[in-house]
Structure formats: structure tokens, C-alpha cells
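Engineer: quick one: sequence plus predicted model below, questions after.
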Amino acid sequence: MDKEKRTELQEIIARFEFPGELDECIPFGSGHINDTYRLTFAEPGVLKQYILQKMNKDVFKRPVELMENICGVTTWLRKKIQESGGDVWRETLNIIPAKDGRPYCVDSLGEYWRAYYFITGATSYDQVKNDGDFYQSAVAFGHFQRMLADYPAETLHETIEKFHDTVDRFAKFKEAVRADVCGRAASVGREIQFALEREPLAHRLCDLQASGELPLRVTHNDTKFNNILIDDATGRAICVIDLDTVMPGLSVNDFGDSIRFGASTAAEDEQDLAKVSMDLQLYEVYVKGYIEGCAGALTDKELEMLPMGALLMTYECGLRFLTDHLEGDHYFRIHREGHNLDRARTQFKLVADMERKLPQMQEIAAKYC
Ligand code: ADP
Ligand code: GN1
Ligand code: MG
């Protein structure tokens, strides 16, 4: 980290209630959106760690409302965890307030920062290494859904408008193709064609939501495997993190996003598409865990639409990556040229694979309902 960055960070750090002397500050994690740092403070005899995050203001336009959501949801979860005898310091995020008492601070450039206790002895993984971990994550996301089932949804702000409105995502994609601001459309004709051919897909879940056949619930909306912490000692998924997008949404989308990311046989940005497919074994493990975690909370229609959720979230994510590639990579952080295109390609490869496997996916889901 360069000296200028360190000085900037030290100014921010001084505005929070961290006890002790700063020992270390390192960039942390592999999220696509926020800038995350792990801070280590030395107090006499102990080292204490925290997460410091600069919230992405291009993505989250109303950070104060976003933090209101996170305060509300974490306070709620804390109470539920306490009631069931759990460990409130490890099973939910805990906000460190700024010195002025607010759950965030604003720097001289107008950037919003927040801090959490660092949950030690647990890890977030970018790829599923074994069935057991994936099963654990499914139970935890299902349980998260259940704990928030009676949360007053009307008090939640919409942190990103139309976040999982696939019809709107499709319209934005088409507009990006039309505008072609970077002159990249001609080089990705095959991918554009793949997306356009599947326009009817975009309506499948939105229509069921509009007709009330799928209920709106309080959902996480970003249920990637790396948004869960797995306990290093017990292997249990202990904490659901990255609560920026907790809003009213569809349970089938939460289920689907986990499958999109975790049941893939390759990384989200794998360049060798031969390695990319949807693993039915992992899919089954997740179905089982998620239904168990939800513990009876899902309706018959939701259970029926779980496989469609997987297909739809993968298609939508592919649309989003391709849109960002066409628009010049302003949304998702990239680490190489064409990174968002690589990501879009893996998603579309998965979509094609899921289309083939849909009957089997439906059969498996039916087994656990
Ligand atoms: P992004 O929105 O950019 O994905 P996240 O909130 O998911 O940001 O944080 C990025 C990474 O930081 C996570 O994947 C995880 O490894 C780590 N992390 C975030 N919060 C905590 C926490 N409270 N304790 C331990 N690690 C955390
Ligand atoms: C982003 O923040 P992160 O890396 O957990 C994105 C998700 C996408 C995901 C694709 C707020 O998630 O919607 O599915 O990348 N988050 C936001 O990997 O847009
Ligand atoms: Mg994340």
C-alpha cells in the first residue's frame, strides 16, 4: 500500500472508536463492489481485528439508508441469535460506530466508510471445495431467510432499485448494445445473440412476482458462497455477511444465486469454458440444505420454482457482466482486460448447461419438498 493511501486510511481510522494502536492495515477479500481492509490493533497483550469498508457510492447511491437497513437487520438478527443461545459476536455482523455515534463516517471526498468487528477463526471461500461446506452455506442462507421472515419489510429501503428485476436488466442490456459506447459490441456478437434469444426467460419470475404467485420476502439478494463465513474449527457456516442488498425480494433468487456461483465446477471468471458446468451433486446438496434451513417457510410455488431461480439468476448475472463489458467496466471491479466478458461467458455456459439439466434439477428439488 502506498504512503498516500496509508495516510488517507489513517485519517478515516481515527474517526472510529477503535481501541489500541494500529498495527496493520491490509486490503482484504475478493468482493467486486466495496473496498475492504482488515485492520489489526494492538492492545496490551492482545491483537484485535476489524473490517473497514469504503462503500461503493456509484453502486449504492443512498449509503445512509443502506446503513439504516444494516443496523435494523443486524439488531434484529442479534436478538434472534441471543434468544436461541447463539454467539452474537460471531453469528452476525457487528457495527463499530464512528466517534460521532453514527454507523458510518464521511471523508473529505464525500466517500462513506463503515467498520465491523472482524469475525476471527472463520473464512470466506471463493470456490466450493467440498459438499459439506456448500451444504452448510445452504442451511445458513435458509436459516437467515427464516430469521428475517417476520422482519418489518416495509421499513427496508431499496438499496439498489430494480436489483433483481430481470426484465429491467434485459432492457438495460439492450440499451448498452444499442449505445455501444466502447465499440465492443461487434466483437461479442455471439454472446449478445445468446442473451437476446432468451428474452422470454427474463419475464418468468417477474411475472410470478407481479401476479402474487411468488411472495415478496426479506431476502439477502447476493448469496454468493463467499458472502458466508465458515468456522475454521467446526466447519459450520456461522455468519451471513455482505448485507448491503438485504431488501424485499424472492427466495428463489437467493437460492438461485447460490447455485449460480457455488454449484459451478469452475470459478466465475474461468477462461477455459470447457471447465464450466453445473454440478448436479452440488445442486442437490444445496437444495437439501436450503429447504432444511428455511424449515417449512417456503410455499409450494416457491419450492416448484427453485430450479428456475438458479437458471434466471445465472442468466441475469451474465446479462449484467456483459452490459458492464459493453459500457466500459464501470460497475464490477476488474483485474484484467476483458474480465467482465470472461465472467459473462461462464454465466452463459452455465445457463446452457442448466437448460439441458432442468428436468433433472426439477426432479431433485421435488425429492426434498
Ligand atoms: P463486497 O460487497 O465487496 O463483496 P463484503 O462485505 O462481502 O464486500 O466483504 C469482502 C470480504 O471481506 C468478504 O468476502 C470477507 O472475506 C471479508 N469480511 C467482510 N466482513 C467481515 C467480517 N465482519 N469478519 C471477517 N471477514 C469479513
Ligand atoms: C457483486 O459484492 P459481491 O462481490 O458480493 C454484486 C452481485 C453479483 C456478484 C457477481 C451489489 O457481489 O449482485 O451477483 O458481484 N453485488 C452488487 O459475482 O451488485
Ligand atoms: Mg461480498
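Structural biologist: Nice, I can see it. Ligands and ions are numbered 1, 2, ... in the order given.

Engineer: against ligand 1, how distant is the closest residue to Ser264 other than its chain neighbours?
Structural biologist: Counting by Cβ to Cβ, 6 or more residues apart in numbering, Leu350 is the residue found nearest to Ser264 once chain neighbours are left out, at 5.8 Å. Using the backbone N, CA and C atoms, a C-beta is placed for each residue, glycine as well. In this view, Leu350 and ligand 1 are 20 Å apart by Cβ to the nearest ligand atom, to the nearest Å.

Engineer: next up, the contacts around Leu350.
Structural biologist: Going by Cβ atoms under 8 Å, 6 or more residues apart in numbering, Leu350 touches 260, 264, 276-278, 314, 318.

Engineer: repeat for Glu65
Structural biologist: Glu65 makes contacts with 157, 159, as judged by Cβ under 8 Å, 6+ apart.

Engineer: part of a helix, is it?
Structural biologist: Yes: with DSSP: H, G, I helix; E, B strand; the rest coil as the criterion, Glu65 is part of a helix.

Engineer: going along the chain, name the helices of the stretch 251-369 of the chain.
Structural biologist: For the stretch 251-369 of the chain, the helices defined by DSSP state H, counting those that start in this stretch cover 251-262, 280-294, 300-327, 339-368.

Engineer: angle of the longest one against helix 300-327?
Structural biologist: The one in question is helix 339-368. Per axes from the mean of the first three to the mean of the last three Cα atoms, to 10 degrees, the angle that helix 339-368 makes with helix 300-327 is 170 degrees.

Engineer: so how far is helix 339-368 off the chain centroid?
Structural biologist: Between the mean C-alpha location of helix 339-368 and the chain-wide mean there is a distance of 18 Å, by Cα atoms, centre = their mean, to the nearest Å.

Engineer: and the contacts of Leu350, which two are the farthest apart?
Structural biologist: Ser277 and Gly318 (14.8 Å; Cβ to Cβ).

Engineer: check contacts around the closest residue to Glu158 other than its chain neighbours.
Structural biologist: The shortest distance from Glu158 to any non-neighbouring residue, by Cβ to Cβ, 6+ apart, is to Met247 (5.6 Å). Listed by Cβ under 8 Å, 6+ apart, the contact set of Met247 reads 69, 156-160, 163, 218-219, 221.

Engineer: still on that earlier bit, among the helices of the stretch 251-369 of the chain, which is the most enclosed?
Structural biologist: helix 251-262 (a mean of 28; mean count of other Cβ atoms under 10 Å).

Engineer: show me what it is packed up against.
Structural biologist: Secondary-structure packing of helix 251-262 (3 or more Cβ pairs under 8 Å, 6 or more residues apart in numbering; DSSP states H and E): helix 131-147, strand 217-219, helix 280-294, helix 300-327.

Engineer: what residues does the third one touch?
Structural biologist: Read it as helix 280-294. Helix 280-294 is contacted from outside by 128, 131, 134-146, 251, 255, 258-259, 262-263, 298, 303, 306, 310, 357, 360-361, 364-365, 368-369, using Cβ under 8 Å, 6+ apart.

Engineer: now the angle from that helix to helix 131-147?
Structural biologist: Relative orientation of helix 280-294 and helix 131-147, computed by the same axes, to 10 degrees: 30 degrees.

Engineer: so for helix 280-294, mean pLDDT?
Structural biologist: The average pLDDT within helix 280-294 is 97.

Engineer: repeat for the first one
Structural biologist: Model confidence over helix 131-147 averages 97 on the pLDDT scale.

Engineer: C-terminal to that helix, what's the next element?
Structural biologist: Using DSSP states H and E, the helix or strand that directly follows helix 131-147 along the chain is helix 166-179.

Engineer: chain center to that following helix, what's the gap?
Structural biologist: Distance, stretch centre to chain centre, for helix 166-179: 22 Å (Cα atoms, centre = their mean).

Engineer: could you number the chain from 354 rather than 1 from now on?
Structural biologist: Got it, first residue is 354 now, which makes that one helix 519-532.

Engineer: packing partners for that helix?
Structural biologist: Using 3+ Cβ pairs under 8 Å, 6+ apart: helix 519-532 touches helix 542-550, helix 552-563, helix 653-680.

Engineer: what residues does it touch?
Structural biologist: So helix 519-532 is contacted by 515, 538, 545, 548-549, 552, 554-559, 665, 668-669, 672-673, 675-676, 679-680 (Cβ under 8 Å, 6+ apart).

Engineer: before we move on, what about stretch 454-471?
Structural biologist: Stretch 454-471 has contacts (Cβ under 8 Å, 6+ apart) with 361, 364-365, 368-369, 371, 391-392, 402-408, 410, 416-417, 420, 423-424, 442, 446-451.

Engineer: right, is that stretch up against ligand 1?
Structural biologist: Yes: counting by Cβ under 6 Å from any ligand atom, ligand 1 has neighbours in stretch 454-471: 469, 471.

Engineer: okay, stretch 378-391 in CSV with CA atoms only?
Structural biologist: What follows is stretch 378-391, C-alpha atoms only, in CSV (Å, rounded to 0.1, in the frame of the first residue of the first chain):
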residue,chain,number,x,y,z
CYS,A,378,-4.0,-2.4,7.6
ILE,A,379,-4.3,-4.7,4.6
PRO,A,380,-6.7,-4.9,1.6
PHE,A,381,-8.9,-7.9,2.2
GLY,A,382,-11.3,-10.2,0.5
SER,A,383,-12.3,-10.5,-3.2
GLY,A,384,-15.7,-8.7,-3.4
HIS,A,385,-16.4,-7.0,-6.7
ILE,A,386,-18.0,-3.9,-5.1
ASN,A,387,-16.7,-2.4,-1.9
ASP,A,388,-13.1,-1.6,-0.9
THR,A,389,-12.4,-3.8,2.1
TYR,A,390,-9.5,-3.6,4.6
ARG,A,391,-8.6,-5.7,7.6
